[in-house]
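My questions are about this predicted structure, shown below with the sequence.
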Amino acid sequence: MRSAALLPLLAFTLHAQPATPPLASPPDPKAIIQRAFSRQDDLFADARDYTYLRHQQMKKLDSRGNVTETETTDHEVTILYGEPYRKLIRKNGRDLSDSEARKEQRKMDDEIAKRGRDQEKRRREADKEREETRKALAEVADAFDWKLDGQEAINGRPAWIIRANPRPSYKPRSREAKVFAKMSGRLWVDQADSRMLKVDARVDDTISFGWFLFRIKPGFRFTFELTRLDTNAWLPRHGWLKGEAKIGGLKTYRVEMDTSFSNYRRFQSDSRIVSTSASQ
């Protein structure tokens, strides 16, 4: 399932955008992408330094795309032994009852104990996963044909818009990079900081994970936006996805999910849980 975690970072879309005036000296789009993805290690590090709130709305859809069920959840995401942990604090706009809150606290206490016992093993597994992700991200620049598609301001920050289509002749060097051949779209890169501001992607062919136990169908779309904090850290701001997936070859899920991230707080590195420093 590690490849699934790559998708928000490897995004590209097919949507049309308003025309932009031609550039006097257009930069090399591949060079822009190489610079942006070379800084992804900073994103991994920054993510472990902050706690935040996550609000998510999930809609279940029928085969015609009609909404059959809607659920909203709010989680407080804290850091337990160097990894994020989501604690439910609100559901469908309602604060948890006392008994529900106690249940969530017990779950968190159990997870603290578990991670404390297994922290060395979990650290090795996390390091391995991050290394495999880095290897895949290092292939992005060569895996696509890149085209500069104009400029646009995202949250007030000027960005290059770069279109990507899979390069037919490209041969993936890592297992995780195989998904690149089945995606296309566009990516926005901050002109000042060379950071990804936004990605918007479409899956063009079935993507399978875990010996085909989890399959994402063509037409699956997602967007992902980052924001720059006052501390200069770049962290998630908003995510959206819509599409169809099949699990175990039997159960089909059709969903639309909208997720926002807010109230970032600096994590105190010598504390197991969360700091109380000022929020953004």
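Happy to help now that I have it.

C-alpha from now on. contacts and neighbour counts both.
OK.

What mean pLDDT does the strand or helix carrying Tyr253 get?
In the assignment (DSSP states H and E), Tyr253 maps to strand 251-266. What strand 251-266 shows for mean pLDDT is 94.

Packing partners of it?
Counting contacts by 3 or more Cα pairs under 8 Å, 6 or more residues apart in numbering; DSSP states H and E, strand 251-266 packs against strand 50-61, strand 234-247.

hmm, who's touching the longest one?
Counting by Cα atoms under 8 Å, 6 or more residues apart in numbering, strand 234-247 makes contact with 43, 46-47, 213-217, 219-229, 252-262, all of which sit outside it.

The longest helix seen in the chain: which residues count as buried?
Identified as the longest helix of the chain according to DSSP state H is helix 98-137. Of all the residues in helix 98-137, those buried under the rule 16 or more other Cα atoms under 10 Å are 101, 104, 108, 112, 115, 119, 122, 132-137.

again, but for stretch 69-81
Residues Thr72, Thr73, Asp74, His75, Glu76, Val77, Thr78, Ile79, Leu80, Tyr81 are the ones in stretch 69-81 that count as buried (16+ other Cα under 10 Å).

my read: Leu197 touches Leu226, true?
Yes: counting by Cα atoms under 8 Å, Leu226 is a contact partner of Leu197 at 5.1 Å.

between these two, which one's more packed in?
A direct count of neighbours by other Cα atoms under 10 Å for Leu197 and Leu226 places Leu197 higher, at 29 against 21.

so what secondary structure elements neighbour whatever helix or strand Ala201 lives in?
Using DSSP H and E, Ala201 sits within strand 196-203. Strand 196-203 is packed against strand 183-190, strand 221-228, with contacts defined by 3+ Cα pairs under 8 Å, 6+ apart.

Okay, angle between that strand and strand 234-247 too, please.
10 degrees (axes from the mean of the first three to the mean of the last three Cα atoms, to 10 degrees).
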